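S.K.: This is a predicted model, with the sequence first.
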Amino acid sequence: MFRRFTAILLLFSVLVMNLNSLWFYAGFRLNQDYIAAKLCANKSRPMLHCNGRCFLSKQLKKANSEEKSNENRTAKEIIFEAYYHGVNQFTVHIKLLAIFTSLVSFALLLRPLGAIFRPPAASSVHRYMLS
């Protein structure tokens, strides 16, 4: 259940990230009259028939440039984190391995393995069932 929920959540987040420009288009279409009247750079020149498309193109360019800068920054951070965590985990594993091997070797000196592990005694019932 948890894995299914996590998979659906990750799929939804990837779809939302890829549909970023769709949100700009939808917002533009819903508010096109207001954008054309108030925010358009060409509102003083109605013969161009811009209807706010200049504002939309500016917003899309700005979003694309922000997305590219975030991708570059994120890649650098991921590489640093992978290197940093990799070095720390490696040293911790070496220390744990050294402690574990010393404990195991000490435990082997105290009692031999033959005193603990012995094959089970076979009963007569099992011998007749096998033949």
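M.R.: Noted; the coordinates are in hand.
S.K.: Run through this structure and note the low-pLDDT ranges.
M.R.: Residue ranges of the chain with pLDDT under 70: 70-119, 121-131.
S.K.: in it, which spans are helices?
M.R.: 2-18, 20-30, 32-34, 53-110, 124-130 (DSSP state H).
S.K.: The shortest one packs against which elements?
M.R.: Applying 3 or more Cβ pairs under 8 Å, 6 or more residues apart in numbering; DSSP states H and E, one finds that helix 32-34 makes contact with no other helix or strand. Heads up, the C-betas are built off the backbone N, CA and C, glycines and all.
S.K.: Contacts for it next, please.
M.R.: Around helix 32-34, the neighbours that count as contacts under Cβ atoms under 8 Å, 6 or more residues apart in numbering are 51-52.
S.K.: ok, 10 Å please
M.R.: Contact partners of helix 32-34, identified using Cβ atoms under 10 Å, 6 or more residues apart in numbering, comprise 40, 51-53, 55-56.
S.K.: for residue 13, what are its contacts?
M.R.: Going by Cβ under 10 Å, 6+ apart, residue 13 touches no other residue.
S.K.: Distance-wise, check it relative to residue 64.
M.R.: Distance, residue 13 to residue 64, using Cβ to Cβ, to the nearest Å: 19 Å.
S.K.: same check, this time on residue 58
M.R.: Taking Cβ to Cβ, one finds residue 58 at 11 Å from residue 64.
S.K.: Repeat that for residue 29.
M.R.: Applying Cβ to Cβ to residue 29 and residue 64 gives a distance of 19 Å.
S.K.: again, but for residue 25
M.R.: The spacing between residue 25 and residue 64, counted by Cβ to Cβ, is 14 Å.
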